[in-house]
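J.: just a sequence and a predicted model for now, questions to come.
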Amino acid sequence: MLKEIRIKKDYTQEKLSELANVDPRTILRIEKNFTVPKVDTYARLVIALEMTNEEIGKHIRSIALESDKT
């Protein structure tokens, strides 16, 4: 979901990493569901992407569903 929002905003992973002050590899790992972001990282991404409450809720639910599969 973060990837879709990032692309909709026309941001590259590099641009998002600069805006959120997050390592580009972290964004790659999050987008490929290799890792769940820490709260502070997630907050920076939400702010940088200007996510709505609805988008945040959908993304958190998708993270929860992924973690239930493991």
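T.: Thanks, I have the structure now.

J.: okay, now residue 24: neighbour count?
T.: For residue 24, the count of nearby residues is 14 (other C-beta atoms under 10 Å). Bear in mind the C-beta positions are built from the backbone N, C-alpha and C, glycine included.

J.: go ahead and confirm it touches residue 15.
T.: No - here residue 24 does not reach residue 15: they are 9.5 Å apart, not a contact under C-beta atoms under 8 Å.

J.: low pLDDT regions in this protein?
T.: Applying pLDDT under 70 to the chain flags the ranges 67, 70.

J.: mind listing what's buried along the lengthiest helix in it?
T.: With DSSP state H setting the assignment, residue counts place helix 53-69 as the longest helix in the chain. Within helix 53-69, the residues that qualify as buried by neighbour count (16 or more other C-beta atoms under 10 Å) are 55, 59, 63.

J.: could you find the closest non-adjacent residue to the first one?
T.: What that stands for is residue 55. residue 5 (6.2 Å; C-beta to C-beta, 6 or more residues apart in numbering).

J.: residues contacting the one you found?
T.: When contacts are counted by C-beta atoms under 8 Å, 6 or more residues apart in numbering, residue 5 touches 49, 51, 55.

J.: from the residues you listed, pick the one nearest residue 35.
T.: Compare each of these with residue 35 using C-beta to C-beta and the shortest gap goes to residue 49, at 17.5 Å.

J.: wait, doesn't that closest one sit right on residue 7?
T.: No - under the criterion of C-beta under 8 Å, residue 49 is not in contact with residue 7, lying 10.6 Å apart.

J.: fine, thanks again, bye for now.
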